[in-house]
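Asker: Make a model of this:
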Amino acid sequence: MAEYQNPQHEPGNEKRLLLIFAVTFFLILVFTQVQKRFFPAPPPPKDQPAQQNPIQSQANTTTPQPTAVSAPPAGVTKQAPKEAPIVIENDLYRITFSNRGAEVKSWILKKYDNDAQNGPLDLVNPAAAQQYGYPLSLWAYDEDLRGRLTSALYVPSAEGKLTAPATLTFEYADDTITVRKSFTFDNTYSVKIAASVTYKGQPAPALPAWPSGFGDQTTPAFYASETIDYQFNKNIERLATKKISGGGTVPGPFHWAGPNDQYFAAVFIPDDPANAAMVTLRNSLAIPKDPKDQNNKEKTNVEILGAAVGNLHGPTSERIFAGPKELDILQKIPVPGVSGGDNDLNGLVDFGIWGLIAKPLFVWLKWTYHHIIANWGWAIVLQTLIITLALMPLRIKQMKSMLKMQRIQPQIKSIQEKYKKYSLRDPRKAAMNEEISAIYKKEGVNPVGGCLPMLIQLPFLYAYYKMLYVAIDLRHAPWLWIKDLSAADPLYLLPIFMVVTMLITQRMTPQVGMDPAQQKMMNIMMPLMMGFIFFRLQAGLNLYYSLSNVISVGQQAVINRTGLGREMQEIMAKRARKKDK
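Answerer: Below is the predicted model of the structure:
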């Protein structure tokens, strides 16, 4: 096969290319001379003044000349000459507005760090906002009106930098639209909003929006935690992504509504809850699958949630809370008029179905942190110790119940043997259950007594999981080698330690109601299964559970030395010897 050559590298083509360059250069020279000879440039007009030297002109001028500004388009009666930023700042945040769209380009929270970058957190999600809109833009059902509202150059009431408390107003007007947006800032995370739009002589529904998620969303898991929540009186609704349609309208009344994620929220608090409405926003965004790996260009699609809240029948007057979901902060944001519920925003923190346990646990943990030991990890250690010791009577009761069950096992098996020839549907089978119940009653045995202590511990375990998941106080909280108790253990030492302590506890605990072979299998399978479940869960939860296991090992060692413990071990030894025969 003949070897392929690039045509540009062949000698014949190279010579032809040089020839073309030479001819082109020659033609340019000839054309220039012909133009000067036969087509001279016209002389300048006689009334045109000679051009001054710029430096000399500046020296001879006593007042600066205004910068030339292009005239506004026809019909525009109020418009800024150019785009410019305005910054509002207090001790909690630094907000940067642009007068194009009168919307927020950056919302820095000074007291919270960014997971992905060094420095304070920006609540604005830059990638999502660039595609789907920036915070406090106006959302309208009419797409053309929406585009004009977000692209107009508004006239601001102030320029440069402002310090709260302050008020900032933006205005724009042309032959069909008149818009006014006003923002009032104080020393909290709450901002007062007033917005009105007139379109073709009529009031138009245009709702202040937070359309594009949050800046702490750096991984797919953070996007998965998004919801849109709203509350009216004591009823709180939490809409997951799958229940939200982009552009859908949720009619009021509600006292507050808006998007939030695991740790942060942007919720609107209408002045007139009865006439409030919310438009839910949902869009798709491609993000890096692994943001930490700069060489990995693989993308994954996530869903971005947002909301626009206001009055559909006239001007909107409301507040927006944009900040952390921290109980102490949320409880200071007043929400007047709530009946049967709290008059604040603490409902934003979702402690789950076991909130009656999880919330008091967190309040107790926080008190421990502030008054006893100023480290969240050691506060968890102290709290775990107290909880486990408090549950010790239940553990002893569990073992007593298991022993009583073992004592009556021969009688139970005798009754079951007598009725085994009958099917489960046979009415005579009911007599078997009656006889067994009579034995339970006579001996004072509760058949679920052995499981009850474990069932009581499960709500505490779930409550701890939920508390660590939603409590922003534990975000980035360090303990020994762990930098963030709300995230997984980076070295996986706590999950491994949890499995080891479970293995030891299972081996030390006599299971009198179980076959020795089955017990041996369960002693291995249960810890491995729990280790698999807890492997990527929060380090704080693993700390709680593994420490509970350590205390349980000590408790079991003490119980095994009591008369009750020795009797149970003897029963197990007899069963094992009988099995071997």
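
Asker: Mind listing what's buried along the host helix or strand of A286?
Answerer: In the assignment (DSSP states H and E), A286 maps to strand 276-288. By 16 or more other Cβ atoms under 10 Å, the buried positions in strand 276-288 come out as 276-283, 285, 287-288. In short, each C-beta sits where N, CA and C put it, glycine included.

Asker: Which of those residues scores worst on pLDDT?
Answerer: Least confident of these in the model: P288, at 86.

Asker: quick one: contacts for that residue?
Answerer: Applying Cβ atoms under 8 Å, 6 or more residues apart in numbering, one finds that P288 lies in contact with 296-300.

Asker: Pairing partners for it in the sheet, please.
Answerer: Beta-bridge partners recorded for P288 (DSSP bridges): K299.

Asker: re earlier: select from the contacts of P288 the one having the most neighbours.
Answerer: When neighbours are counted by other Cβ atoms under 10 Å, T300 leads those with 13 neighbours.

Asker: where's that residue relative to P220, distance?
Answerer: Counting by Cβ to Cβ, to the nearest Å, the separation of T300 from P220 is 6 Å.

Asker: try I571
Answerer: As judged by Cβ to Cβ, I571 and P220 stand 52 Å apart.

Asker: now swap in E567 and tell me
Answerer: With Cβ to Cβ as the criterion, E567 and P220 are 54 Å apart.

Asker: one step back: just put the buried residues of strand 276-288 in JSON lines and tack on distance to Q383.
Answerer: Formatted as JSON lines, those follow (distance: Cβ to Cβ, whole Å):
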{"residue": "A276", "distance to Q383": "41"}
{"residue": "A277", "distance to Q383": "44"}
{"residue": "M278", "distance to Q383": "39"}
{"residue": "V279", "distance to Q383": "43"}
{"residue": "T280", "distance to Q383": "39"}
{"residue": "L281", "distance to Q383": "40"}
{"residue": "R282", "distance to Q383": "39"}
{"residue": "N283", "distance to Q383": "42"}
{"residue": "L285", "distance to Q383": "39"}
{"residue": "I287", "distance to Q383": "37"}
{"residue": "P288", "distance to Q383": "38"}
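
Asker: Of all pairs in these, which one spans the longest distance?
Answerer: Farthest-apart pair in the buried residues of strand 276-288 is A276 and P288; separation 37.3 Å (Cβ to Cβ).

Asker: Which stretches in the stretch 201-350 of the chain count as helices?
Answerer: 220-224, 327-330 (DSSP state H, counting those that start in this stretch).

Asker: closest to Q409 out of the ones you listed?
Answerer: helix 220-224 (48.1 Å).

Asker: Now do the buried residues in stretch 228-239.
Answerer: Residues of stretch 228-239 classed as buried under the neighbour-count rule (16+ other Cβ under 10 Å) are 228-232, 236, 239.

Asker: So for stretch 369-381, what gets flagged as buried?
Answerer: Applying 16+ other Cβ under 10 Å to stretch 369-381 flags 369, 375-381 as buried.

Asker: what's the span of it from first residue to last?
Answerer: End-to-end distance for stretch 369-381: 11 Å, by Cα to Cα, to the nearest Å.

Asker: And the contacts of it?
Answerer: With Cβ under 8 Å, 6+ apart, stretch 369-381 has contacts from 365, 368, 382, 473-474, 477-480, 482, 485, 540, 543-544, 547.

Asker: One more: stretch 424-436?
Answerer: Stretch 424-436 is contacted from outside by 412, 415-416, 418-419, 422-423, using Cβ under 8 Å, 6+ apart.

Asker: same thing with stretch 500-512?
Answerer: Residues outside stretch 500-512 that contact it (Cβ under 8 Å, 6+ apart): 399, 402-403, 405-406, 519, 522-524, 526-527, 530-531, 546, 549-550, 552-553, 556-557, 560, 565, 568-569, 571-572.

Asker: which of the residues you listed count as buried?
Answerer: Neighbour-count burial (16+ other Cβ under 10 Å) is assigned, among these, to 399, 402-403, 405-406, 519, 523, 527, 530-531, 546, 549-550, 552-553, 556, 560, 565, 568, 571-572.

Asker: quick one: which of these sit in strands?
Answerer: Residues of the buried ones among the contacts of stretch 500-512 located in strands (DSSP state E): none.

Asker: Please pull out the lowest mean pLDDT helix or strand from the protein.
Answerer: The weakest-scoring helix or strand in the chain, judged by mean pLDDT, DSSP states H and E, is helix 54-60 (a mean of 32).

Asker: how about stretch 497-511: buried residues?
Answerer: In stretch 497-511, residues buried by neighbour count (16+ other Cβ under 10 Å) are 497-499, 501-506, 508-511.

Asker: can you give me the strands in the stretch 151-300 of the chain?
Answerer: 155-156, 160-163, 166-173, 177-185, 190-199, 202-203, 206-210, 227-232, 235-239, 248-251, 256-260, 264-270, 276-288, 299-311 (DSSP state E, counting those that start in this stretch).

Asker: So what's the gap between the strand holding A286 and the chain middle?
Answerer: 14 Å (Cα atoms, centre = their mean, to the nearest Å).

Asker: That strand vs strand 206-210, what angle?
Answerer: Interaxial angle of strand 276-288 relative to strand 206-210 (axes from the mean of the first three to the mean of the last three Cα atoms, to 10 degrees): 40 degrees.

Asker: so strand 276-288 versus strand 264-270, what angle?
Answerer: Using the same axes, to 10 degrees: strand 276-288 against strand 264-270 is 160 degrees.

Asker: S423: how many residues sit nearby?
Answerer: Counted with other Cβ under 10 Å, the neighbours of S423 add up to 7.

Asker: For it, which residues are in contact?
Answerer: K429.

Asker: and it, which of the three is it?
Answerer: Of the three states, S423 takes coil under DSSP: H, G, I helix; E, B strand; the rest coil.

Asker: All set now, cheers.
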